[in-house]
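Starting from these lines, generate the structure:
(2 chains)
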Amino acid sequence: MTDTTANVDVNVNQKLKEAYFTASQGQLIWTRFKKQKAAMVGAGILIVLVLAGFFAPFLTPYDPTIAGRNKDYVNGAPNVPSFCDSNGCSLTPFVYTYNRTRSIKTNFRWVTEIDKDARRYLVFLPEGDQYKFLGMNFKTHLFGVDSGKIHIFGTDSTGKDIYSRTLQAINTSLAVGTIGVFIAFVLALIIGGISGYYGGWIDSVLQMMTDAVRTIPTIPLFMALAAFIPDTWSSETRFLFISIILGFVGWPTLARRVRTHLLTERNQEYVLAAQLCGASAGHVIRRHLLPSFTSYIIVDLIISFPYMVLSETALSFIGLGLKDPVNSLGVMLQNVTSADVLLNYQWYFIPVIFFIILVLAFVFVGDGLRDAADPYADTKK
Amino acid sequence: MQFFRFAITRAFLAIFTLILVSLIVFSLMELVPGDCAERYLAFKSSQGGAITIADVEAERVRLGLDRPYMVRWGSWIINAFQGEFGDSCILRLNISELLGQKFWLSLAICLTSLLVAYLIAIPVGIISATSKSPWLNNSLRLVSYLGLALPNFLLALIIMLFSTVYFGDTLTGLFSKEFRDAAWSYDRVIDFLSRAWLPVFILSWSATAFAIQTVRALMSDEVGKLYVTAASARGVSGRRLLWRYPARHSLGPIINSLGFDLNRIFNELPIVALILTLTEAGSLLIEALARSNDQQLAGAIIFMLTASIVAINFITDIILALTDPRVRRSILG
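Have a look, this model is predicted:
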């Protein structure tokens, strides 16, 4: 009896060991990553935000552009749905009806009045503004109200729903970041790859060039590049152009990392074996060297992501990046820059909170991944 | 002797980098649609004069814009090394006169921010790397991440708006009204200092966050090494141990990265300048680019910024070589 349990134990142990030694780089990183609480929380928040951005048209009740504006509720405060008030409770949450009036009593200024007796009940999956998703047209949104409109984060100076804009902005900023990171990544792979694989004078020349590009301050350079954009460009072209700029300026750091990886790997025996078999340089890099550090590259990409988002916001903020019809986080941040907002319309700051959370989540995940990808992390201390 | 050879090699490398950078910047400025001749004449035509194609061509010849690209770059870079950048396209003033003092003010602000950042980051980073308390560690981490996630411009904006509302002073600008155009005097310096703390604080905000992370990473690498164990076995302990052994070793890479830290601060300068309505090189750059497309001025500013980074890199290399013989040997092979 005891013999068999011991046997099972050994078997289990053996299996665990086997699993450990045969695990791929990615599996090992994931196992280590799971142990870090802060990074896991960050990853959870990040996934929620990315999904929210992706499904933004469905999750938000209104069109984030001028087409979805509510001209009767300009600079309106957020409507918070509630269940109970002095008139009693209801099972479905509701918001109040607001009326805008202007008379001699209000000194002829538009004033919003809340009518507590006219409730607007929340409804789920109503038909609303049409939107395109994955190439198809839809009309159903997650929630809405039975009459009038609901603005849970309030509205801006043109009556656009801030909640709808925020989610859409996350989507745009992530898209800009993705394209930027992708371009930077391809450039880094090519330049860092050549430099690291061949070494010698090619490496020295490429390194010198990389260092020269790295010394130029990027934001002033961005500004110079963005100044090319003629005012007549459509928002889509502008968007693409900004992403490309971000990519073209972001490659040096990544290229350096790729080069260092390659320099250490290229002297390994398996590379020599492949070369002796007559494999071409491109083949060796693609089939043997790249897979050896794909997971590290992914980590690097995630780490460089928040900087892309930050650069986009900075650019849009000084008015050289994306502009108002497009909703990006930078555009949303730009909207908070007046004293009027701080004094009277504090709900403009809600997107700022989203922005900070997004960047923080990225940084935590990136940091956790970096620790997880370090093969010596466990042996240290 | 070895040191002088090192210094000369480094100086050549620095000049080479500058030339390469100047080519990049110059090409960029060339790519901007339209040239200086058109801008001059556009200004003239706005004053009511009639302009013909021949006028534009004549202006091009006068400005030397008809020469081949490489020749123009050559003359630009030769002049740039002498601190002469020609006239601004839009403002029609001599650029070095326009920039002069403003550039040095900006540089002073940026360098001070860098200094402040490391004055805070070195002790904090060492504490965070060596302390065993997870609570202290995590809270320090969160604070330094916030430095990253809360962008400078937002912080500047919040501080400014609060001070406007609660103190009635916007704290913007580098000088009070009465000192803006005055000559340097004792009072003006005091006035400058009473206002410059805000941009310095805001610029050093995220620089500190980055610096803490660097110091922390370097220190936690060094603390585990054998020579530290050996030193503590000899009976050196506490602060003395940290300062004399691992801290000295981590200082090298930190000095090495100062140039790139300065680069990061330069990145934030124009944005902070925009919000605080500072009147220095950063805001001049924004004006040159965002409002008027003044390529001559923008190119000069970017070149000067890069030149100061290259200079810092050169100086830090020299300092490192003076203190560390390994560095001297590394470049000479």
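
wait, isn't A:Asn79 in contact with A:Gly148?
No: between A:Asn79 and A:Gly148 there is no contact under Cβ atoms under 8 Å: 9.7 Å. For the C-beta atoms, the positions are set from N, CA and C on the backbone; glycine is no exception.

Domain-wise, how is the chain divided?
Assuming you mean chain A. As given by automatic domain parsing, the domain ranges for chain A are A:79-150, A:165-372.

that's the other chain; I wanted chain B
B:2-81, B:99-291.

Output these in CSV, with distance to chain A appended to each entry.
Below are the domains of chain B laid out as CSV (distance: least, Cβ to the nearest Cβ, whole Å):
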stretch, distance to chain A
domain B:2-81, 4
domain B:99-291, 4
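
I'd like the ones you listed laid out as CSV, including mean neighbour count and mean pLDDT.
Converted to CSV, the domains of chain B look like this (neighbours: other Cβ atoms under 10 Å in any protein chain shown; pLDDT from 0 to 100):
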stretch, mean neighbour count, mean pLDDT
domain B:2-81, 15, 77
domain B:99-291, 18, 77
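
For B:Arg92, find the nearest of those.
domain B:2-81 (7.5 Å; Cβ to Cβ).

packing partners for the helix or strand that contains B:Gly100?
Taking DSSP states H and E as the criterion, B:Gly100 maps to helix B:95-130. Packing partners of helix B:95-130 (3 or more Cβ pairs under 8 Å, 6 or more residues apart in numbering or on different chains; DSSP states H and E): helix B:134-149, helix B:186-223, helix B:246-276, helix B:281-286, helix B:295-323.

go again using 10 Å as the cut-off
Judged by 3 or more Cβ pairs under 10 Å, 6 or more residues apart in numbering or on different chains; DSSP states H and E, the packing partners of helix B:95-130 are helix B:134-149, helix B:186-223, helix B:238-244, helix B:246-276, helix B:281-286, helix B:295-323.

and B:Val200, what does it touch?
B:Val200 is in contact with B:Ala108, B:Ile109, B:Cys110, B:Leu111, B:Thr112, B:Ser113, B:Leu114, B:Leu115, B:Val116, B:Ala117, B:Leu193, counting by Cβ atoms under 10 Å, 6 or more residues apart in numbering or on different chains.

what about it, distance to A:Ile47?
Noted for B:Val200: a distance of 39 Å to A:Ile47, by Cβ to Cβ, to the nearest Å.

ok, how many other residues are close to the closest residue in space to A:Leu189 that isn't next to it in sequence?
In this structure, A:Leu189 finds its nearest non-sequential neighbour in A:Val258, 6.0 Å apart by Cβ to Cβ, 6 or more residues apart in numbering or on different chains. Neighbours of A:Val258 under the rule other Cβ atoms under 10 Å in any protein chain shown: 27.

mind checking the SS state of A:Val258?
For A:Val258, the assignment made with DSSP: H, G, I helix; E, B strand; the rest coil gives helix.

now the helix holding B:Gly100, how far from the centre of its chain.
Taking the mean of its C-alpha atoms, helix B:95-130 sits 8 Å from the chain's own mean (Cα atoms, centre = their mean, to the nearest Å).

what's A:Ile242 in contact with, if anything?
With Cβ under 10 Å, 6+ apart, A:Ile242 has these contacts: A:176, A:179-180, A:222, A:225-226, A:229, A:311-312, A:315-316, A:320-322, A:326, A:328, A:330.

and those, which are buried?
Neighbour-count burial (16 or more other Cβ atoms under 10 Å in any protein chain shown) is assigned, among those, to A:176, A:179-180, A:222, A:225-226, A:229, A:311-312, A:315-316, A:320-322, A:326, A:328, A:330.

I'd like to know which of those are part of strands.
Among the buried ones among the contacts of A:Ile242, no member falls in strands (criterion: DSSP state E).

which among those residues are in contact with chain B?
Filtering the buried ones among the contacts of A:Ile242 for proximity to chain B by Cβ under 10 Å from any Cβ of the partner chain leaves A:Phe222, A:Leu225, A:Ala226, A:Ser311, A:Leu315, A:Leu320, A:Gly330.

which one among those residues gets closest to chain B?
Using Cβ to the nearest Cβ, A:Leu320 is the member of those that sits closest to chain B, with 5.9 Å.

pretty sure that closest one contacts A:Leu221?
No: using Cβ atoms under 10 Å, A:Leu320 makes no contact with A:Leu221, being 11.5 Å away.

Where does pLDDT dip in the stretch 251-381 of chain A?
By pLDDT under 70, the low-scoring segments of the stretch 251-381 of chain A are A:295, A:337-340, A:342, A:374-381.

Give me the number of neighbouring residues for whatever residue of it ends up closest to chain B.
Distances between the stretch 251-381 of chain A and chain B by Cβ to the nearest Cβ are smallest at A:Val359, namely 3.9 Å. A:Val359: 23 surrounding residues under other Cβ under 10 Å.

how about the residues of the stretch 101-250 of chain A near chain B?
A:208-209, A:211-228, A:230.

again, only this time at 6 Å
Residues of the stretch 101-250 of chain A lying close to chain B (Cβ under 6 Å from any Cβ of the partner chain) are A:Ala212, A:Thr215, A:Ile216, A:Pro217, A:Thr218, A:Ile219, A:Pro220, A:Met223, A:Ala224, A:Ala227.

of all those residues, which comes closest to A:Phe143?
A:Ile219 (39.8 Å).

who's in contact with that closest one?
Each residue near A:Ile219 by Cβ atoms under 6 Å, 6 or more residues apart in numbering or on different chains is listed here: B:Asn267.

Under a three-state scheme, what state does it occupy?
Per three-state DSSP, A:Ile219 ends up helix.

ditto for A:Met332
helix.

How about it: what's its closest non-neighbour residue?
The nearest residue in space to A:Met332 (Cβ to Cβ, 6+ apart) is A:Pro351, at 3.9 Å.

Can you pull the phi and psi angles for that neighbour?
Torsion angles at A:Pro351 (phi, psi; degrees, to the nearest 10) stand at phi -60, psi -30.
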